[in-house]
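Engineer: build the 3D model from these lines:
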Amino acid sequence: MNDRKSHYEVVVIGAGVAGIYQIKLLADLGVDATVLDAAGDLGGTWYWNRYPGARFDSESYTYGFSFSKELLNEWHWKERFSGQPENLRYLNFVADKFDLRKYMQFNCKVDAAHFDQANGLWRLTIDDGRQLTCRFVILTVGLLSVPTPPQLKGMETFKGRSFHTYYWPHEPVEMAGKKVAVIGTGATAIQVIGAIADEVGELTVFQRRPNWAAPLNNGPISDAEMADIRSRYDEIFATCARTPGGFEHEPDRRGFYEVSREERLSLWNRLYDTPGFAIWLRNFREIFTDEEANAEFSEYVADRIRLRVKDPAVAEKLVPRDHGFGVQRVPMETRYFEAYNRDNVRLVDITETPIERATETGLRTTERDYDFDIIVFATGFDAITGPFEHIDIQGVGGLKLRDKWSEGPSTFLGMLVNGFPDLFMPAGPQSGSASTNYPRGIETGVGWCTELLKYMWALGYTRAEPTLEAEQRWTAHVTKMYSTMLMRKAKSWFTGYNSNIPGHEHGKTRYLVYNGGAPKYVSRINEVAAKGYEGIVFSSGSLSSAVRADEAVGAGEKTSH
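Structural biologist: Coordinates of the predicted model:
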């Protein structure tokens, strides 16, 4: 590709799982399009997150792309929950198989995207000084791609190595015999700690709030099992399509209170030993909505933690008190709780002895100084909205997206925003992707946005923008669905909580995800399409006035993904 080219019909920002699928569909249509990515190569999440233990929590064979039978037949997943190196190999295999790399430009960080009203174009500013224009911008930026390290005093004085897990070095990090600190006990930290505890000299974990976690129960996939999976792919993806989370796991349809305590315990014992999210998603539906049901199940998991951690005092520190099991995404772990049984691992509760600062040799709490060779920040992300707000996106009249979303996102279907014409977010805030098995949600969102573009090109439209009323209705719908969920109270990225970001404190809920489940979401967006994209206003350069989609010729002709 000629990277000196300055105009495209479509610019896709982000070359991760969503961007790869998006450029595949655009290339198939012969559209003049490119993908820009700040990284040195493709892969998104799986390019950046190279920390030990990084792997799927989705069953591998439910995570891969479903669009090509040939691809499904050629790729052999080696583990039930595949690790980062293999996942990155998979995405490179896909890009090479379909010759997609020629459409991609790397080391291209987009600093700004401004809508040029007079010309009906987007003007993009790249950090290498280039300016690009395009008719359409598709943001496939990933929902967890802006890490948030803590603002620790004195970090510049620390003479060892330090990094956020997102920026784990590409070259191997020598950890044998080293004194290592991990700050955080969220999903990433839980993977890292379980993976490195038996490798490092000393490991000190600094915990503010414990998280619930359950065994991943990973294992290899044999040739025979992979052959069986290939024969059942249609069935597997059909199951994913009908489940709320886009996984193979379907909730137990019995009522929590309709079965005896003994039956509940029997189910939970079985689920605890089942691979993946079974413990979360094959459970009774009441654990998400009913305080008493959730409390009973949470106490069951707490007892399992107590059985696995030898020191009762440490075990109690690892049991969450501020939220119940499953009200936020559940970290899946391998040997995490057992790590605390090792003599070289210690847990520091920073609610009791807060970290005051970094020093030349390590970290200082209110109690004492600790010496470290390596400090690892597993402190999360400016999740879901952060990747969109970190680009200077300006729409009609110079309206900044980050200003519009200052109190929380407002979207139409999680994919379009009033005031920002021709800007598409296949997996944006309030879409069905953030709360589902991500690639399943991505194929839905990317497919829907691509069909919308095809509709516009077929009818000669150059501009699409949702009405403010349609956006407000959708945002109100998303907000209302939080009211029945216990997650509405959680200090979670599902509610926009991040203590490292001003304005994202607990109590300032941001309604970021669609809680109605994938089938309802797909039904709703397909209904919008079938009604000629009701709620979206279309226009073209040759029209002096906007044409409402539901008045357009051929409006009923649309789509199912």
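
Engineer: going forward, measure contacts between C-alpha atoms and count neighbours the same way
Structural biologist: OK.

Engineer: contacting residues for the spatially closest residue to Phe158 that is not a sequence neighbour?
Structural biologist: Sequence neighbours aside, Glu360 is the residue nearest to Phe158 in space, at 4.0 Å (criterion: C-alpha to C-alpha, 6 or more residues apart in numbering). Glu360 makes contact with Thr157, Phe158, Lys159, Gly160 under the criterion C-alpha atoms under 8 Å, 6 or more residues apart in numbering.

Engineer: for the buried ones among those, write the corresponding ChimeraX selection.
Structural biologist: Restricted to buried positions by 16 or more other C-alpha atoms under 10 Å, the ChimeraX selection for the contacts of Glu360 reads:
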select :158
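
Engineer: go ahead and confirm Cys179 touches Val200.
Structural biologist: Rather than Cys, residue 179 is Lys. Yes: between Lys179 and Val200 there is a contact under C-alpha atoms under 8 Å: 6.8 Å.

Engineer: where does the stretch 351-500 of the chain have low pLDDT?
Structural biologist: With pLDDT under 70 as the threshold, the stretch 351-500 of the chain has low-confidence stretches at 483-500.

Engineer: now do the strands in it.
Structural biologist: Along the stretch 351-500 of the chain, the stretches classed as strands by DSSP state E, counting those that start in this stretch are 355-358, 362-365, 369-371, 374-377, 392-394, 423-424, 463-466.

Engineer: okay, those in TSV with mean neighbour count and distance to Ile20 next?
Structural biologist: Shown next, in TSV, are the strands of the stretch 351-500 of the chain (neighbours: other C-alpha atoms under 10 Å; distance: least, C-alpha to C-alpha, whole Å):
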stretch	mean neighbour count	distance to Ile20
strand 355-358	19	40
strand 362-365	20	41
strand 369-371	16	43
strand 374-377	23	29
strand 392-394	21	22
strand 423-424	25	15
strand 463-466	24	23
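
Engineer: select, out of those, the one closest to Lys97.
Structural biologist: Nearest to Lys97 among the strands of the stretch 351-500 of the chain is strand 423-424 (26.4 Å), distances taken as C-alpha to C-alpha.

Engineer: quick check: neighbours of the closest one in the sheet, parallel or antiparallel?
Structural biologist: Sheet pairing here is set by DSSP bridges, and for strand 423-424 it gives strand 131-139 (parallel).

Engineer: mind exporting stretch 50-61 as PDB, just the C-alpha atoms?
Structural biologist: Below are the C-alpha coordinates for stretch 50-61, written out as PDB (Å, rounded to 0.1, in the frame of the first residue of the first chain):
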ATOM      1  CA  ARG A  50       2.200 -10.000  26.600                       C
ATOM      2  CA  TYR A  51       2.300 -10.500  30.300                       C
ATOM      3  CA  PRO A  52       2.700 -14.000  31.700                       C
ATOM      4  CA  GLY A  53      -0.600 -15.800  32.000                       C
ATOM      5  CA  ALA A  54      -2.400 -13.600  29.400                       C
ATOM      6  CA  ARG A  55      -5.000 -15.800  27.700                       C
ATOM      7  CA  PHE A  56      -8.600 -16.200  26.600                       C
ATOM      8  CA  ASP A  57     -11.400 -16.600  29.100                       C
ATOM      9  CA  SER A  58     -13.600 -17.500  26.200                       C
ATOM     10  CA  GLU A  59     -13.300 -21.100  24.900                       C
ATOM     11  CA  SER A  60     -10.800 -20.700  22.000                       C
ATOM     12  CA  TYR A  61     -13.100 -22.200  19.400                       C
END
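
Engineer: average pLDDT across that stretch?
Structural biologist: For stretch 50-61, the mean pLDDT works out to 96.

Engineer: got it, and stretch 107-119?
Structural biologist: Rounded mean pLDDT across stretch 107-119 is 97.

Engineer: kindly report the same for stretch 282-298.
Structural biologist: Across stretch 282-298, the average pLDDT comes to 92.

Engineer: kindly check the end-to-end length of that stretch for me.
Structural biologist: 15 Å (C-alpha to C-alpha, to the nearest Å).

Engineer: run the chain-centre distance for it.
Structural biologist: 24 Å (C-alpha atoms, centre = their mean, to the nearest Å).

Engineer: before we move on, what about stretch 237-244?
Structural biologist: From the chain centre to the centre of stretch 237-244 is a distance of 19 Å (C-alpha atoms, centre = their mean).

Engineer: check stretch 425-436 too.
Structural biologist: Mean C-alpha position of stretch 425-436 versus that of the full chain (C-alpha atoms, centre = their mean) differs by 9 Å.

Engineer: show residues contacting it.
Structural biologist: Here stretch 425-436 makes contact (C-alpha under 8 Å, 6+ apart) with 18, 138-140, 142-143, 244-247, 384-385, 409-411, 413-416, 439-442, 444-446, 448-449, 475, 478, 511-515, 517-518, 521-522.

Engineer: would JSON lines of the contacts of Glu360 with distance to Asp373 be doable?
Structural biologist: Shown next, in JSON lines, are the contacts of Glu360 (distance: C-alpha to C-alpha, whole Å):
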{"residue": "Thr157", "distance to Asp373": "13"}
{"residue": "Phe158", "distance to Asp373": "9"}
{"residue": "Lys159", "distance to Asp373": "8"}
{"residue": "Gly160", "distance to Asp373": "5"}
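
Engineer: tell me which of the contacts of Glu360 is nearest to Arg368?
Structural biologist: Using C-alpha to C-alpha, Phe158 comes nearest to Arg368 of the contacts of Glu360, at 16.3 Å.

Engineer: before we move on, the earlier item: in strands, which of the contacts of Glu360 appear?
Structural biologist: Under the assignment DSSP state E, the contacts of Glu360 contribute nothing to strands.

Engineer: closest to Tyr90 among the contacts of Glu360?
Structural biologist: The closest of these to Tyr90 turns out to be Gly160 (C-alpha to C-alpha; 34.1 Å).

Engineer: residue contacts, that closest one?
Structural biologist: Gly160 makes contact with Glu360, Thr361, Gly362, Phe372, Asp373, Ile374, Ile375, according to C-alpha under 8 Å, 6+ apart.

Engineer: give me the beta-bridge partners of Val137?
Structural biologist: Val11, Leu423.

Engineer: look at the spatially most central residue of the chain and report its pLDDT.
Structural biologist: Centroid-nearest residue in the chain: Leu143, 4.4 Å away (criterion: C-alpha atoms, centre = their mean). Note on Leu143: pLDDT of 84.

Engineer: gap between the spatially closest residue to it that is not a sequence neighbour and Val446?
Structural biologist: Nearest non-adjacent residue to Leu143, counting by C-alpha to C-alpha, 6+ apart: Ile384, 4.3 Å away. Using C-alpha to C-alpha, one obtains 17 Å as the distance from Ile384 to Val446.

Engineer: try Arg440
Structural biologist: In this view, Arg440 and Val446 are 10 Å apart by C-alpha to C-alpha.

Engineer: pretty sure Gln84 sits against Trp46.
Structural biologist: Yes: using C-alpha under 8 Å, Gln84 is in contact with Trp46, at 5.8 Å.

Engineer: how about Ser298, what does it touch?
Structural biologist: For Ser298, the contact set (C-alpha under 8 Å, 6+ apart) comprises Gly324, Phe325.

Engineer: against Ile183, how distant is it?
Structural biologist: From Ser298 to Ile183 the distance is 25 Å (C-alpha to C-alpha).

Engineer: cool, Val35 as well?
Structural biologist: Note on Val35: its distance to Ile183, by C-alpha to C-alpha, is 35 Å.

Engineer: who has more neighbours, these two?
Structural biologist: Using other C-alpha atoms under 10 Å, the more surrounded residue of Val35 and Ile183 is Val35, with 26 against 23.
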